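> one predicted model, sequence on top.
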Protein chains: 2
Amino acid sequence: MLLKFKNHILFHFPFLQKAKILIAVSGGLDSMVLLHLIAQLNLEFAVAHCNFQLRKDESDEDEDFVKSYCKENSIQGFFQKFNTNQFSEDEKVSIQVAARKLRYEWFYELLATENYDFVLTAHHLDDQLETFLINFSRGTGLDGLCGIPSQNDKIIRPLLIFSRDEITTFANENKLKWRDDSSNASDTYLRNKIRHHVVPILKELNPSFLNSFENTIQHLNQAQSLVDDASRIVYRKVVQDVDNQKIIDLNELLQLPNYQAYLFQWLSPFGFLAWQDIYDLVEAQSGKQIFSEHFRLVKDRETLIIETRSDKISDEYFIHKNQSELNFPLKLTFCNVSDITISNSKTIFVDVYALKFPLKLRKWQEGDYFYPFGMSGKKKLSKFFKDEKFSIIDKENAWLLCSENQIIWLVGKRLDDRFKVTENTQTIIKIQLV
Amino acid sequence: MLLKFKNHILFHFPFLQKAKILIAVSGGLDSMVLLHLIAQLNLEFAVAHCNFQLRKDESDEDEDFVKSYCKENSIQGFFQKFNTNQFSEDEKVSIQVAARKLRYEWFYELLATENYDFVLTAHHLDDQLETFLINFSRGTGLDGLCGIPSQNDKIIRPLLIFSRDEITTFANENKLKWRDDSSNASDTYLRNKIRHHVVPILKELNPSFLNSFENTIQHLNQAQSLVDDASRIVYRKVVQDVDNQKIIDLNELLQLPNYQAYLFQWLSPFGFLAWQDIYDLVEAQSGKQIFSEHFRLVKDRETLIIETRSDKISDEYFIHKNQSELNFPLKLTFCNVSDITISNSKTIFVDVYALKFPLKLRKWQEGDYFYPFGMSGKKKLSKFFKDEKFSIIDKENAWLLCSENQIIWLVGKRLDDRFKVTENTQTIIKIQLV
């Protein structure tokens, strides 16, 4: 297995040889094998361990186990405790989604603050298969069957070519130690049912099933890349991006025998899912409209127009600590960095210690004031708008990023002086309007 | 169920209301339900029953059952016995493939000779699901997960929206009679294992699993249509069709980040499946080549060329009775028709009773002679070539369609007078070079 792993890394991730790597290590079987394999390859790496505090003492014992292992083997380790239950409640997401969010946000923070290049996780081929079958059991599209990617930006999963059996055998042969996760045995009901009742039958029916499955996933990913190509090529012919609207030319669209497939590609990212309604809208009278959570789709003569719901624009949006991006109503990214690089109207650098989380994104109100960077003293926002010759529409479209009641940023226009990076700043956060 | 069926037919197959329909009826549960439903709709239909003679008396009893049903209900019925075992041996295909081939070829023959427009079969949603899982268990691509189409040319499957449970309930409620197929219980090992062990778990995990599955299949088919679009759009930019070669421009191809996905789309229909070899060929020296069963793929400077293997061209190819097409080395279609329409160099009409099956397609040899249509008497082929000013290459590319040792057709050029349709002809076969 070591040789196959070495070749896999050399062939598919040659850049890891000159990279600084973080390995996500829970202390369980899979991640301890990954750690052991990487340690044989003479790469520069450290360990990152998340303690989600979901299993009381056990969670802490896992952390201690990884800590001791790092100490004994002189491996640098990063350890982080999360209040996962709290986060799950606050964000109104499941525990699994909360844990995943916290984990990846912390990894990205570590990459930035500690100057690492990639995070390696220990997902394997059986994880891949179970995810496929879970998505399939719930109903999905091609993307849901394409599996976990072996590389997704800075996250790399080099064990995806190995089965659970191979990994277990390797761990035993090499007398590795690991912690059994008591939640693995119960895990989620769904995953377990699939792992213990569906997968064994598939493996029995086809002794080389996992190999076939690897090929299937590869073919499906290739198909997905062609779907993306077609979607993009036809989008350019049929859709116009104008300001905050996307305008679909129905005369062009309806020339395509499979136009419904294109509508699905373009509209589902905006949360439109009532397909029969959408297909009906194509034929409907001008003025008819349907809504997704945040967007409106309106038939306007020979076009369909996608735009933000006006009733949604006046909302407030919150950005939590460690949240790496906000996608709506604007796309903002948040990233801890070690130094200031080029700043411009779309990129600001802020002193983290001046911030009170959660940050809030909101529209301006009469009476708002801030301390425009580069000016002395405070200024009413209405005065600032006037001096900068903002049109009514400019003012309507303006967003404020705030820390409690203080304005941090008139987004895309001006930083507030109180939040700027100074020589005393210890931790810098880079915020970008994308 | 009747109402849902009615609406489904009206919405998706409105043209059936003015069509002449053949219903494929085995006598089993599914097809008897289909027959019962169609009978309620006031459509013009007849029954077609295949007796594959695979289960001795039982097969004959099924035929008798359908015959009696048709008689009692004054329904026109077509009945055909097949020597499926023999055909399976002759064609070197499995019994299942043989039965499918015989069935659909006979259906197409009936459509043509009896002037019907469509054949309806009783495949349902559980068949669809089992086929998906069988293909998945073996390893497949997107096409293998797209399921059985609800319409494929003249074959329509209007029960695909119903589950096996719905169909069973309907049959019981309406006190329908049907024959239980003893082979259903054993069926194939693979399909049964999936039906009885995998499907129940998926249904247990998600109570509306079959609905989700229907949506999944629809999404996958839409994705497949986008894959086909991308493949076709990019093919036009990157591939030149010249005579018998397809020339792939590598300079264009390699600009695509996912060029391997395109090669897969274009090459797999030619039987190329050794993907690593193909991807290596892209980088290989000029002159390097690989082979599929019938084709050669050669690197030639900045191109990849697909062409027929020269060592395969001198083979003989056989066309069996009821075979509706030959795809290699030429594409020929065979179709029983009731009358002669326009004939030209690419389309001939032949008296079936003059033919001895299997027909043979072969290259010409010294000594060959035939009776050119429109000339009196016989003529040596070499003399005919000379008179018609055939070049050496024309002669090399010439194919003869033969019945035993007699030439029926110098393909694409001239019919033999002995096989022409006369006033005494009872059954006409139309042969086309496509």
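Cool, the structure landed.
> excluding chain neighbours, what is closest to the residue of the stretch 301-434 of chain A found nearest chain B?
Across the stretch 301-434 of chain A, no residue is closer to chain B than residue A:304, which sits at 17.6 Å (CB to the nearest CB). The C-beta positions use only the backbone N, C-alpha and C, and glycine is treated the same way. Spatially, and ignoring its direct neighbours in sequence, residue A:304 is nearest to residue A:248 (4.2 Å; CB to CB, 6 or more residues apart in numbering or on different chains).
> again with residue A:112
Closest residue to residue A:112 apart from its sequence neighbours, by CB to CB, 6+ apart: residue A:336 at 4.7 Å.
> how far out from the middle of the chain is stretch A:7-18?
Stretch A:7-18 sits 24 Å away from the centroid of its parent chain (CA atoms, centre = their mean, to the nearest Å).
> give the buried residues for it.
Of the residues in stretch A:7-18, A:8-9, A:13, A:16 count as buried by neighbour count, 16 or more other CB atoms under 10 Å in any protein chain shown.
> ok, which stretches of the stretch 1-150 of chain A are strands?
Assigned by DSSP state E, counting those that start in this stretch, the stretch 1-150 of chain A shows strands spanning A:20-24, A:44-51, A:77-81, A:118-120.
> pick the most deeply packed of those strands.
Mean neighbour count (mean count of other CB atoms under 10 Å in any protein chain shown) peaks for strand A:118-120 among the strands of the stretch 1-150 of chain A, with a mean of 23.
> tell me the mean pLDDT for it?
Here strand A:118-120 scores 96 as its mean pLDDT.
> note down every partner strand of that strand and its orientation.
Paired neighbours of strand A:118-120 in the sheet (DSSP bridges): strand A:20-24 (parallel), strand A:155-156 (parallel).
> dump these to TSV, plus mean pLDDT.
Shown next, in TSV, are those (pLDDT from 0 to 100):
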stretch	mean pLDDT
strand A:20-24	96
strand A:155-156	94
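> next, format those strands as a markdown table and append distance to residue B:362.
A markdown table is the format used below for the strands paired with strand A:118-120 (distance: least, CB to CB, whole Å):
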| stretch | distance to residue B:362 |
| --- | --- |
| strand A:20-24 | 64 |
| strand A:155-156 | 57 |
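> out of these, nearest to residue B:214?
For these, proximity to residue B:214 was assessed by CB to CB; strand A:155-156 is nearest, at 33.7 Å.
> run through who's touching that closest one.
Contacts to strand A:155-156, defined as CB atoms under 8 Å, 6 or more residues apart in numbering or on different chains, come from residues A:13, A:16, A:104, A:107, A:118-121, A:150.
> following it, which helix or strand shows up next?
Next helix or strand after strand A:155-156 toward the C-terminus (DSSP states H and E): helix A:164-173.
> skip the chain neighbours and tell me the closest residue to the residue in the stretch 51-200 of chain A that chain B sits nearest to.
Per CB to the nearest CB, residue A:139 is where the stretch 51-200 of chain A lies closest to chain B, at 2.6 Å. Using CB to CB, 6+ apart and skipping residues adjacent in sequence, the residue nearest residue A:139 is residue B:212, 2.6 Å away.
> list the contacts for that neighbour?
Applying CB under 8 Å, 6+ apart to residue B:212 gives the contacts A:137-139, B:206.
> which one of the residues you listed sits in the busiest neighbourhood?
When neighbours are counted by other CB atoms under 10 Å in any protein chain shown, residue A:137 leads the contacts of residue B:212 with 22 neighbours.
> for residue B:201, see how far away that residue is.
Plainly put, residue A:137 is 9 Å away from residue B:201 if you go by CB to CB, to the nearest Å.
> what touches both of these two?
Residues touching both residue A:137 and residue B:201 (CB under 8 Å, 6+ apart): residue A:194.
> what's the nearest residue to residue A:214 if we skip its chain neighbours?
In space, and not counting its chain neighbours, residue A:214 is closest to residue A:125: 6.6 Å by CB to CB, 6+ apart.
> surely the one you found and residue A:210 touch.
Yes. Counting by CB atoms under 8 Å, residue A:125 touches residue A:210, with 5.7 Å between them.
> now the helices for the stretch 301-434 of chain A?
A:381-387, A:392-397 (DSSP state H, counting those that start in this stretch).
> output the lowest mean pLDDT helix or strand found in chain A.
Least confident helix or strand of chain A, by mean pLDDT, DSSP states H and E, is helix A:182-186 with a mean of 56.
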